[in-house]
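Q: just to be clear, the model below is a prediction. Sequence and coordinates:
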Amino acid sequence: MTFGHDPLHELSLTQNIVDLAIEYAAREKAVKVLSITLEIGALSGVVAEAVEFAFDVCSKGTLAEGANLEIRHVSGRGRCLDCQTETEIETLTHLCPHCGSLALETVQGQEMKFTEMEID
């Protein structure tokens, strides 16, 4: 049995983002959401391309339809708890390149943040 990526994960996350944007825009009496900026970490498990696709679907017929979606990619970084060295990492299980320890704590890259929005 193989486990692939579930695109419903991104659909749900994207729907929440669109809902937040619409709620804020309505509260501000905006007529349109012009752009939304997200930061997606390399270790977050979120596939940026799936979010982009889902955004078009989730925003259709809303104040956010046609809005520009900008995704900023955030690299993964970890700090070795043994030698205190900080390094770029690509997976959550990573050896410290300096001392070989597996005792790495993630300091960056697991986030998905709604950072900016422009409304009219």
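A: Nice, I can see it. Residues are numbered from 1 along each chain as shown.

Q: list the buried residues for the lengthiest helix in the chain?
A: Taking DSSP state H as the criterion, the chain has its longest helix at helix 7-27. Across helix 7-27, burial judged by 16 or more other CB atoms under 10 Å covers Glu10, Leu11, Leu13, Thr14, Ile17, Val18, Ala21, Ile22, Ala25. Any C-beta I mention is one placed from the backbone N, CA and C, and that applies to glycine too.

Q: same question for the strand or helix carrying Ile40, mean pLDDT?
A: Using DSSP states H and E, Ile40 maps to strand 33-41. Strand 33-41 comes out with an average pLDDT of 98.

Q: pairing partners for that strand, with directions?
A: Its sheet considered, strand 33-41 pairs with strand 68-74 (parallel), strand 112-119 (antiparallel) by DSSP bridges.

Q: just want the angle from the first one to helix 7-27.
A: Taking axes from the mean of the first three to the mean of the last three CA atoms, to 10 degrees, strand 68-74 and helix 7-27 form an angle of 120 degrees between their directions.

Q: again, but for the last one
A: Using the same axes, to 10 degrees, the inter-axis angle of strand 112-119 relative to helix 7-27 is 40 degrees.

Q: which residues does strand 112-119 contact?
A: 13, 17, 20-21, 24-25, 28, 30, 32-41, 44, 46, 70, 72 (CB atoms under 8 Å, 6 or more residues apart in numbering).
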